[in-house]
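In: Provided below for reference: sequence and predicted model.
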Amino acid sequence: MNRYAVEMKDLYFSYDGKTVLEEINIKVEEGDFLAVIGPNGGGKSTLLKLMMGILKPTSGEVKLFGKPPQESDRVIGYVPQETGHNIDFPVTALDIVLMGVLHKRDIFARYGPSLKKRAFEVLARVGMEDFAKNRFGELSGGQRQRVLIARALCSDPDILMLDEPTASIDFGGQREIFELMEELNRSMTVIVVSHDMSMVMGFAKHAVYVNKTAVMHSIDSHTRYQIKRQLEGHEGHYCGAEFWRDMGKKFECTKECKDA
């Protein structure tokens, strides 16, 4: 039985003749919590889309649970970047979650009781059941992200992939989202693209630094514990890179971190 959720071997990806990623060799074990970090434009989101099969590599190999992504029978839960576009569209949080099971509606495009029950279950799992009837656009940034995660969970995924889920969310909201991902990781593989080093190092088990190439780093439980202690009671931005430098690790503070 294959024990890897994602495998990338000798992968290259080019766009319009420009090499975006090269010599990518990554193995992500089932049950891992992997953070994809690196500078803007370094290829983080592209790497995630290659894992999902949305993009195809120029050369090399991608496997999802032992098969090419297009042939895999495993379910991917995907949470794209929340851009804020069209948040005033008159839909409720429940409507958004039900979009995760569009393919399961009956021929008259109706949602049966079992699908609505499932939608309420996943809203409860992310702590948003009391907001089911609220308009999506009236929710806070952190609440909207929880609803989008619930939508991804509605299809019972084997792996959850998130692209910058804490962008434009305040510090407390970021921590809550990472705590939620940590809880979800108990039952599924989680891969998250993030620029927030402080949160990444406190919750993820591994981090892959992507800047055209990719380098994997292991984050041991003691380090996660120490960073979580640093985060406790912290109301504003906390620089994880500074903590890691104190630990003798070679990580540089990102521009986003410096500007926070």
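Out: Ah, there it is. All of these numbers come straight from a predicted model, not from anything done at the bench. Numbering: from 1, shown residues only.

In: next, the contact list for residue 28, please.
Out: 4, 5, 6, 7, 34, 189, 191, 206 (C-beta atoms under 8 Å, 6 or more residues apart in numbering). No exception for glycine: its C-beta is placed from N, CA and C like everyone else's.

In: start to end distance for stretch 204-216?
Out: Across stretch 204-216, the terminal residues are separated by 12 Å (C-alpha to C-alpha, to the nearest Å).

In: equivalent analysis for stretch 162-174, please.
Out: End-to-end distance for stretch 162-174: 13 Å, by C-alpha to C-alpha.

In: and it, which residues are buried?
Out: Of all the residues in stretch 162-174, those buried under the rule 16 or more other C-beta atoms under 10 Å are 162, 163, 164, 165, 166, 167, 169, 171, 173, 174.

In: same check on stretch 35-50?
Out: Of all the residues in stretch 35-50, those buried under the rule 16+ other C-beta under 10 Å are 35-39, 42-50.

In: so for stretch 82-99, mean pLDDT?
Out: Stretch 82-99 shows a mean pLDDT of 78.

In: quick check: closest non-adjacent residue to residue 157.
Out: residue 77 (3.2 Å; C-beta to C-beta, 6 or more residues apart in numbering).

In: what about residue 150, neighbour count?
Out: Other residues lying near residue 150 total 28 when counted by other C-beta atoms under 10 Å.

In: do the same with residue 134
Out: When neighbours are defined as other C-beta under 10 Å, residue 134 has 15 of them.

In: find the residue closest to it in space, skipping its chain neighbours.
Out: Residue 134 sits nearest to residue 93 (C-beta to C-beta, 6+ apart), 5.6 Å away.

In: show me the contacts for that neighbour.
Out: So residue 93 contacts 123, 128, 131, 132, 133, 134, 135, 136, 139, 143, 147, 150 (C-beta under 8 Å, 6+ apart).

In: now, of those residues, which are buried?
Out: Buried residues within those, counting neighbours by 16+ other C-beta under 10 Å: 123, 128, 131, 132, 136, 139, 143, 147, 150.

In: reformat the residues you listed as CSV; add pLDDT.
Out: Listed next are the buried ones among the contacts of residue 93 as CSV, based on pLDDT from 0 to 100:
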residue, pLDDT
123, 95
128, 95
131, 96
132, 93
136, 91
139, 91
143, 92
147, 94
150, 95
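
In: lowest-pLDDT helix or strand in the protein?
Out: Counting by mean pLDDT, DSSP states H and E, the weakest-scoring helix or strand in the chain turns out to be helix 255-259, with a mean of 43.

In: sorry, back to before: of the contacts of residue 28, closest to residue 117?
Out: For the contacts of residue 28, the residue nearest residue 117 by C-beta to C-beta is residue 189; the value is 25.8 Å.

In: burial of the closest one, as a residue count?
Out: That count, for residue 189 with other C-beta under 10 Å as the rule, works out to 24.

In: swap in residue 117?
Out: Quick note: residue 117 (other C-beta under 10 Å) scores 9 neighbours.

In: give the helix, strand or coil label for it.
Out: Here residue 117 is helix, with the state taken from DSSP: H, G, I helix; E, B strand; the rest coil.
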